[in-house]
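1. Can you look at this prediction? I've put the sequence above it.
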Amino acid sequence: MAFITWQFMRSMSSSSTAMASTKKILIKHVTVISGGLMGSRIAQVAAATDHTVVLVDQTEDILAKSRKGIEESLQKVAKKKSAENPKSADKFVNLQVTNELFKRLDKFAVEHTIFASNTSSLQITSLANYTKRQDQFTGLHFFNPVPLMKFVEVIKTPMTSQKTFESLLDLSKALGKHPVACKDTPGFIMNRLLVPYLIEAEDIDTAKTPGARYPKGPFECLDYVGLYTTKFILDGWHEMDSKNPLFQPFGKKTGDGYYKYK
């Protein structure tokens, strides 16, 4: 998962403070915490749309893999969109990330920094509560592969200010994405629909792909997302809503899946 901090430049006149506080924010500086698959591709997309980008991880080895992954991704994108010439992230730095990541970021980040998490399953409100800027905290959920997938979910918690929320909607559009507003519920919109479909799929891939014109059938999609990733998502949802039968843990390790195990 990639944790993202968005630092903004104020787009406002020298009018009254009351009027200024209602203005949306023009975001130009992006810091991405985590150089994994999603984090590096988010950094790539942000840099390609003329944002100043910093990509952060724990070691140079991880960042070297991030660079290589970005280069390979750019080659794939170039084949699909020969007219585009996106740039890679323009600065790579190291940071010892701890379990209290957001608490530390909140301590050191400048006051006007907006926080956003790319999590697909964690509750944004819980993450925001580790900071003192809950009104400047949102979810910004990209989909893999980030450079090609246009859909992005912008998650608003009960504490997120309207200014912060609308500013990230605008940022998503500036990144070339189609944002959708979401509440802070398990799975937001896409995964709330997708994961139960994956778990309860009754048709085989060959029936769903040519028959329903799906790009991938449910089982192929499960392999692509990863069984452990799907299990992790369901475990998080189960903690939030343990009575929902769609969120029950499954598989041989739990003793109950398509078959029963002692």
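-> Perfect, thanks for sending it.

2. Export the longest helix seen in the chain to PDB, keeping only CA atoms.
-> Counting by DSSP state H, the longest helix found in the chain is helix 60-80. C-alpha atoms of helix 60-80 as PDB (Å, rounded to 0.1, in the frame of the first residue of the first chain):
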ATOM      1  CA  GLU A  60      18.200   2.400  -1.800                       C
ATOM      2  CA  ASP A  61      17.700  -1.100  -3.000                       C
ATOM      3  CA  ILE A  62      13.900  -0.700  -2.900                       C
ATOM      4  CA  LEU A  63      14.200   2.700  -4.700                       C
ATOM      5  CA  ALA A  64      16.400   1.100  -7.300                       C
ATOM      6  CA  LYS A  65      13.600  -1.400  -8.000                       C
ATOM      7  CA  SER A  66      11.100   1.500  -8.100                       C
ATOM      8  CA  ARG A  67      13.200   3.200 -10.700                       C
ATOM      9  CA  LYS A  68      13.400   0.100 -12.800                       C
ATOM     10  CA  GLY A  69       9.700  -0.500 -12.500                       C
ATOM     11  CA  ILE A  70       8.900   3.000 -13.600                       C
ATOM     12  CA  GLU A  71      11.200   2.700 -16.600                       C
ATOM     13  CA  GLU A  72       9.500  -0.600 -17.600                       C
ATOM     14  CA  SER A  73       6.100   1.000 -17.000                       C
ATOM     15  CA  LEU A  74       7.000   4.000 -19.200                       C
ATOM     16  CA  GLN A  75       8.000   1.600 -22.000                       C
ATOM     17  CA  LYS A  76       4.600  -0.100 -21.800                       C
ATOM     18  CA  VAL A  77       2.700   3.200 -21.600                       C
ATOM     19  CA  ALA A  78       4.700   4.500 -24.600                       C
ATOM     20  CA  LYS A  79       3.600   1.500 -26.700                       C
ATOM     21  CA  LYS A  80       0.000   2.200 -25.800                       C
END
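
3. Now do it: which elements does it pack against?
-> Judged by 3 or more C-beta pairs under 8 Å, 6 or more residues apart in numbering; DSSP states H and E, helix 60-80 is in contact with helix 37-48, strand 52-57, strand 92-94. Placement of C-beta: from N, CA and C, glycine included.

4. How many residues are close by Leu105?
-> 21 (other C-beta atoms under 10 Å).

5. how about Val45, what does it touch?
-> By C-beta atoms under 8 Å, 6 or more residues apart in numbering, the contact set of Val45 is 86, 142, 146-147, 175-176.

6. Restricted to strands, list those.
-> Applying DSSP state E to the contacts of Val45, no entry is found in strands.

7. Now, of these, which are buried?
-> By neighbour count, with 16 or more other C-beta atoms under 10 Å, the contacts of Val45 hold 86, 142, 146-147, 175 as buried.
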